[in-house]
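Chemist: model this:
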Amino acid sequence: MARKILVGVGVVLVLLVLVVATRPGDFRIERSLAMNAPPDAVFAQVNDLHKWEAWSPWEKLDPKMQKVFDGAPAGTGAIYAWTGNDKAGEGRMTIEKSEKPSRIDIKLEFLKPFAATNETSFVFTPTPAGTNVVWTMTGHNGFMGKAFSMFMDMDKLVGGDFEKGLASLKSVAEASPKAAP
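Modeler: Numbering: from 1, shown residues only. All right, here's what the predicted structure looks like:
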């Protein structure tokens, strides 16, 4: 009897490993929002990592979070590293490309609670009313990330944070002096 149970558990584990291994590894999360502010005003809020505190949804996860800014003061080469509580984790962002006022590409490195490196981009497109901002994150999940994605919808989880961040970015950009007509 015990042998049958062990064989049954082994078969279930093998099947679970096979299911996880065959899941797609690449992911893409994207959200967009129209803002009544010119591209320059919105771009300035993202291009200067010091300004993220005003709109980033993750800044509020740990009021005692330790932050270090390095590299360029803004734009290409600007670096922002953080160490926080269990919710904020630990990581680093580096602006790899900054094309004023249309695009910013960021290398996003998570160190804790799980190590991962993802690419993030912000694209700013002029519209008659202001700017459309598209925030995208792409990456590749290893085995554990694939397993986690079976139980948690990362698009909803992270996408919800993107939506909050874009709403805050909209408020900040629309209130900035550059947004005035």
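
Chemist: please count neighbours and contacts with C-alpha atoms only from this point.
Modeler: OK.

Chemist: for residue 5, what is the enclosing helix or strand?
Modeler: Using DSSP states H and E, residue 5 sits within helix 2-21.

Chemist: likewise for residue 68?
Modeler: With DSSP H and E as the criterion, residue 68 is inside strand 66-71.

Chemist: run through the neighbouring helices and strands of the helix or strand just after that strand.
Modeler: Next along the chain after strand 66-71, taking DSSP H and E as the criterion, comes strand 78-83. On a contact count with 3 or more CA pairs under 8 Å, 6 or more residues apart in numbering; DSSP states H and E, strand 78-83 meets strand 66-71, strand 90-99.

Chemist: among the ones you listed, which is the most enclosed?
Modeler: strand 90-99 (a mean of 20; mean count of other CA atoms under 10 Å).

Chemist: hmm, who's touching it?
Modeler: Contacting residues not belonging to strand 90-99 are listed as 47, 75-84, 103-113 [CA atoms under 8 Å, 6 or more residues apart in numbering].

Chemist: re earlier: what is the strand holding residue 68 packed up against?
Modeler: Taking 3+ CA pairs under 8 Å, 6+ apart as the contact cut, strand 66-71 packs with strand 78-83.

Chemist: now the strand it packs on, how far from the centre of its chain.
Modeler: Averaged C-alpha coordinates place strand 78-83 at 14 Å from its chain's average position (CA atoms, centre = their mean, to the nearest Å).

Chemist: could you check the angle that strand makes with strand 90-99?
Modeler: What separates the directions of strand 78-83 and strand 90-99 is an angle of 160 degrees, with axes from the mean of the first three to the mean of the last three CA atoms, to 10 degrees.

Chemist: let me know the next secondary structure element after the helix holding residue 5.
Modeler: strand 26-35.

Chemist: now for that following strand, which elements pack on it?
Modeler: Looks like strand 26-35 contacts strand 130-140, helix 154-175 (3+ CA pairs under 8 Å, 6+ apart).

Chemist: which of the residues in it are buried?
Modeler: Buried residues in strand 26-35, counted by 16 or more other CA atoms under 10 Å: 29, 30, 31, 32, 34, 35.

Chemist: over to stretch 48-66?
Modeler: 48, 49, 50, 52, 55, 56, 57, 58, 59.
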